[in-house]
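Engineer: what would the 3D arrangement of this be:
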Amino acid sequence: MRIRVQKLLLLIVTTLLATATMASTSDALVIEAPVPGAILHITIAQPIDDHKARQFVTWLQAVAGSVSSVYGRFPNPSPRVLVIPTGQRTWGGDSAVPFGRVTRQGEESIELYVDANRPIEEFYANWTATHEFSHLLLPYLDEQHRWISEGFASYYQNVLMSRAGHYSPTEAWQYLYEGLERGRASRPDLTPNEAAAAGIRQARMKIYWSGTAIALLADINIRERSGNAESLDRVLGRLQQCCLPSKRTWSGSELFAKLDSLLDEPVFMPLYRQHAQTAGFPDVKAALQRLGVDIDDNQVQLRADAELADVRRAITEGTSL
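Structural biologist: Numbers count the residues shown, from 1 in each chain. Below you'll find the model as predicted:
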């Protein structure tokens, strides 16, 4: 079914001329939906009725709008989005969106597997689409550096769910703290590069959360030294202007060197040299304390008078734009 719908995507979507239009075939609904700086080319595989399909379009526009808020536009001006219905309690678990992925064979496409029987409110509360859309903030990275791409997407899934109001700031920091703790406990014998080579089955949490720690540390560094005038958001905006979407594979060191070239002094390559080939996990404890993310019995409490409370608020409550 997925292969057939992907062929329909290539054959049908290109014939659409009007913005925010919907066409129906026996196999799919095809929609063009505007978001800041882009048009989403959405294919919704049936059986999903038209009413639910329109709800999905509005939801996807909201998710893409959240990612667009990072620097004012969506990173790809013409991405493909494929929505595929699947039963609940499948391999992805009991979730409204049990699985998603990004494919980049010739063009960037986001595939989302959905339980169409769930109420639409559950989709807005689910982080999967935000995670997958956030992948487009970076170019495609080689397998050795999957921990960077998954980590940055995990960082932004929590940050953006908070900025959009689907998480409270406390919830967002709680989820970040819990994920970072899972990463710290996962395969302490491996470096992040080695974890990526070991694969998801052997080192899933280290792969997903090592890069999150690096994204957090970089964002704090950039915001602190600039008084929140600069941020990871802004640096990624410059990356998009120069280099995205990209049709080639990047290395992690190449990406970080490029990001440093977009700053007045390096942040990313020093972090890469410190952590990419070092066993264990990046230490974020001191950074969280300075932000005022206090931990009491594994529960997050936010401290208003912390040294970097303004940085914390800027990260999860609004960008510096």
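Engineer: tell me which strands and helices the helix ranked longest in the chain is in contact with?
Structural biologist: Counting by DSSP state H, the longest helix found in the chain is helix 200-226. Secondary-structure packing of helix 200-226 (3 or more C-beta pairs under 8 Å, 6 or more residues apart in numbering; DSSP states H and E): helix 146-163, helix 169-185, helix 192-198, helix 232-243, helix 268-275, helix 285-291, helix 309-317. C-beta: built from backbone N, CA, C; applies to glycine.
Engineer: would you mark the buried spots in it?
Structural biologist: Neighbour-count burial for helix 200-226 flags 203-224 (criterion: 16 or more other C-beta atoms under 10 Å).
Engineer: turn the helices and strands packed on helix 200-226 into CSV, including mean neighbour count.
Structural biologist: Output for the helices and strands packed on helix 200-226, formatted as CSV (neighbours: other C-beta atoms under 10 Å):
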stretch, mean neighbour count
helix 146-163, 25
helix 169-185, 19
helix 192-198, 22
helix 232-243, 19
helix 268-275, 18
helix 285-291, 16
helix 309-317, 20
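Engineer: of all these, which lies closest to D27?
Structural biologist: Among the helices and strands packed on helix 200-226, the nearest to D27 by C-beta to C-beta is helix 146-163 (29.9 Å).
Engineer: kindly export the closest one (C-alpha atoms) in PDB.
Structural biologist: In PDB, the C-alpha atoms belonging to helix 146-163 read as follows (Å, rounded to 0.1, in the frame of the first residue of the first chain):
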ATOM      1  CA  ARG A 146      22.800   9.800  13.400                       C
ATOM      2  CA  TRP A 147      23.000  10.700  17.000                       C
ATOM      3  CA  ILE A 148      23.200  14.400  16.000                       C
ATOM      4  CA  SER A 149      20.200  14.300  13.700                       C
ATOM      5  CA  GLU A 150      18.100  12.300  16.200                       C
ATOM      6  CA  GLY A 151      19.300  14.400  19.100                       C
ATOM      7  CA  PHE A 152      18.500  17.800  17.500                       C
ATOM      8  CA  ALA A 153      15.000  16.500  16.500                       C
ATOM      9  CA  SER A 154      14.400  15.300  20.000                       C
ATOM     10  CA  TYR A 155      15.500  18.600  21.500                       C
ATOM     11  CA  TYR A 156      13.200  20.600  19.200                       C
ATOM     12  CA  GLN A 157      10.200  18.200  19.600                       C
ATOM     13  CA  ASN A 158      10.100  19.200  23.300                       C
ATOM     14  CA  VAL A 159      11.000  22.800  22.800                       C
ATOM     15  CA  LEU A 160       8.400  23.300  20.100                       C
ATOM     16  CA  MET A 161       5.700  21.400  21.800                       C
ATOM     17  CA  SER A 162       6.200  23.800  24.700                       C
ATOM     18  CA  ARG A 163       6.300  26.900  22.600                       C
END
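Engineer: ok now that helix, how far from the chain's centre?
Structural biologist: For helix 146-163, the distance from its own C-alpha centre to the chain's C-alpha centre is 4 Å (C-alpha atoms, centre = their mean, to the nearest Å).
Engineer: pLDDT weak spots in this structure?
Structural biologist: 1-26, 87-93, 319-321 (pLDDT under 70).
Engineer: how is it divided into domains?
Structural biologist: Following automatic domain parsing, one gets these domains for the chain: 2-137, 143-317.
Engineer: distance of the closest residue to Q299 other than its chain neighbours relative to E265?
Structural biologist: Excluding the flanking residues, the one nearest Q299 by C-beta to C-beta, 6 or more residues apart in numbering is Q174, at 7.2 Å. Q174 sits at a distance of 32 Å from E265 (criterion: C-beta to C-beta, to the nearest Å).
Engineer: so who does E194 touch?
Structural biologist: 203, 279 (C-beta atoms under 8 Å, 6 or more residues apart in numbering).
Engineer: for A116, same thing?
Structural biologist: Contacts of A116 (C-beta under 8 Å, 6+ apart): 47-48, 52, 85.
Engineer: repeat that for L259.
Structural biologist: L259 neighbours (C-beta under 8 Å, 6+ apart): 235-236, 239, 267-268.
Engineer: ok, now with 6 Å
Structural biologist: By C-beta atoms under 6 Å, 6 or more residues apart in numbering, the residues touching L259 are 235, 268.
Engineer: and R73, how many residues sit next to it?
Structural biologist: Residues contacting R73 under the criterion other C-beta atoms under 10 Å number 17.
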